[in-house]
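**Q** using only what follows, build the 3D model:
(one chain, ligands or ions: 1)
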Amino acid sequence: MRYTTLGNSDTSISQIGLGTWQFGSKGWGFGTDFHKKDAIAIVNKALELGVNLIDTAEVYGSGESERIVGQALKEHKREDVVVVSKFLPTAIRPSAVNRALSRSLERLQTDYIDVYLIHWPNPLLPLGATLSHMERMVEEGLIRHIGISNFGLKRFQNAQSKMEKFRIDVDQLNYSMARPKVKEEFLPFAEKHEITVMAYSPLGQGFLTGKYSPNKTPSGTRRTNRLFRRKNLQRGTPLLNELGEIAHTHNTTMAQVALSWLIQNKQVVAIPGAKSIEQIETNVKATEINLTDLDIKRLNTQVKAFNPKLFL
Ligand SMILES: NC(=O)c1ccc[n+]([C@@H]2O[C@H](COP(=O)([O-])OP(=O)(O)OC[C@H]3O[C@@H](n4cnc5c(N)ncnc54)[C@H](OP(=O)(O)O)[C@@H]3O)[C@@H](O)[C@H]2O)c1
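**A** Alright, predicted model coming up:
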């Protein structure tokens, strides 16, 4: 495993983390394709392999993801794990953020969350008051770091300008070879200001694994992901072929190459979701691949050329 630091703090985090939206979520096949015991085994395997970063949210599986993570973590030393959770920005008042946090703490069976994120920007949210309140939560030891998610550069800078005592250490963003905009639009800023980019959907929800094709698309939650539209899968063929060839030369999988491409930059950590022990084992090995300059150049050419239609 390779580690980096969270923001400009001295908190060490693994460059491959574990995303847990899948846990408790029927739309991801929970309860049919895999079960609670699998989810707990996945967390245990991740930690055994050196992953110390686990991402969850109050909304995943309506709280079930946090409950499962909490149950799994009982078997481990709490201080060995960096737990990330998020609240939905429907909470207008600080008291509502308090309620969201105390429910998350209860489900996670812990008395602090390492990194607490505002899940999405909400123009109706009094951002300054919310962030000031989160700063108080840091002072009270209820959370250790403040982060946001789905905030583009301008929104991030606006949020940072409201901070009085602490920094925003993390922006969790949709970032992968299939959704690469973050690389140009946010990463240079993140590098300059030592902000961690936590790449979510780093496998494009499976798009980059080679498992899906115009004739085989995933069901459930991913039906709304336009990457899996037949035409976009067709448009992605050159990118997926290149990924496949490079994976072949390294004797590895497309998923590992896709993750390795992301974590070339030490400011980036990836939090792939996993539904089996095999998937977490594969994903962790992304830290062992040494992509050559030529590999990266070839991949970047295809990443740039891929132009999916993601909006109506
Ligand atoms: N902040 C936000 O707004 C936000 C939004 C989305 C996600 N997230 C977080 O980011 C995490 C990851 O994103 P994501 O789950 O959307 O997408 P992802 O990590 O790109 O894709 C996960 C899916 O890919 C497949 N997969 C994983 N590893 C694989 C492997 N080695 N080989 C083949 N297939 C593999 C699995 O599905 P199948 O086996 O069924 O194909 C898995 O459920 C989430 O769990 C969540 O914690 C945050």
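**Q** can we go C-alpha only for contacts and neighbour counts from here?
**A** Will do.
**Q** who touches stretch 204-219?
**A** 27, 176-179, 203, 222, 227-231, 233-234, 240, 244, 253-255, 258 (CA atoms under 8 Å, 6 or more residues apart in numbering).
**Q** whichever of those residues end up buried, select them in PyMOL.
**A** Under the burial definition 16 or more other CA atoms under 10 Å, those of the contacts of stretch 204-219 that qualify are selected in PyMOL by:
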select buried, resi 176+177+178+179+203+227+228+229+233+240+244+253+254+255+258
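**Q** return the residues of the stretch 101-250 of the chain in contact with the ligand.
**A** Residues of the stretch 101-250 of the chain lying near the ligand by CA under 6 Å from any ligand atom: 119, 149, 172, 200-206, 209.
**Q** switch to 5 Å and redo it
**A** Residues of the stretch 101-250 of the chain that fall close to the ligand, judged by CA under 5 Å from any ligand atom: 200-206.
**Q** please, a ChimeraX command that selects the buried ones among the residues you listed?
**A** In ChimeraX syntax, the buried subset of these is picked out as below (16+ other CA under 10 Å):
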select :200,201,202,203,204,205,206
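**Q** could you dump the residues of the stretch 101-250 of the chain next to the ligand into JSON lines and include pLDDT, distance to T56 and secondary structure?
**A** Converted to JSON lines, those look like this (pLDDT from 0 to 100; distance: CA to CA, whole Å; DSSP: H, G, I helix; E, B strand; the rest coil):
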{"residue": "Y200", "pLDDT": "98", "distance to T56": "11", "secondary structure": "strand"}
{"residue": "S201", "pLDDT": "98", "distance to T56": "13", "secondary structure": "coil"}
{"residue": "P202", "pLDDT": "98", "distance to T56": "15", "secondary structure": "coil"}
{"residue": "L203", "pLDDT": "98", "distance to T56": "17", "secondary structure": "coil"}
{"residue": "G204", "pLDDT": "97", "distance to T56": "18", "secondary structure": "helix"}
{"residue": "Q205", "pLDDT": "97", "distance to T56": "16", "secondary structure": "helix"}
{"residue": "G206", "pLDDT": "97", "distance to T56": "19", "secondary structure": "helix"}
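**Q** most widely separated two among the residues of the stretch 101-250 of the chain next to the ligand?
**A** Of all pairs drawn from these, the greatest distance, 11.9 Å, lies between Y200 and G206 (CA to CA).
**Q** quickly list what the closest residue to the ligand within the stretch 51-200 of the chain is bridged to.
**A** Going by CA to the nearest ligand atom, the ligand is nearest to Y200 of the stretch 51-200 of the chain, at 3.9 Å. Beta-bridge partners of Y200, counted by DSSP bridges, are N174.
**Q** in helices only, show me the contacts of stretch 204-219.
**A** 230-231, 233-234, 240, 244, 254-255, 258 (DSSP state H).
**Q** of those, closest to T5?
**A** Distance to T5 across the ones in helices among the contacts of stretch 204-219 (CA to CA) is lowest for A258, with 21.5 Å.
**Q** pretty sure Q22 contacts R222?
**A** No - using CA atoms under 8 Å as the test, Q22 is too far from R222 to be in contact (11.4 Å).
**Q** biggest helix in this protein by residues?
**A** The chain, longest helix under DSSP H: helix 94-108.
**Q** got any ranges where the stretch 51-200 of the chain has weak pLDDT?
**A** For the stretch 51-200 of the chain, applying pLDDT under 70 flags the ranges 91-92.
**Q** can you map out the helices along it?
**A** With helices called from DSSP state H, counting those that start in this stretch, the stretch 51-200 of the chain shows them at 64-73, 94-108, 127-139, 153-161, 181-185, 187-193.
**Q** which of the ones you listed sits most buried?
**A** helix 64-73 (a mean of 22; mean count of other CA atoms under 10 Å).
**Q** can you list contacts of that one?
**A** Against helix 64-73 from outside (CA under 8 Å, 6+ apart): 20-25, 36, 39-40, 43-44, 56-58, 60, 104, 107-110.
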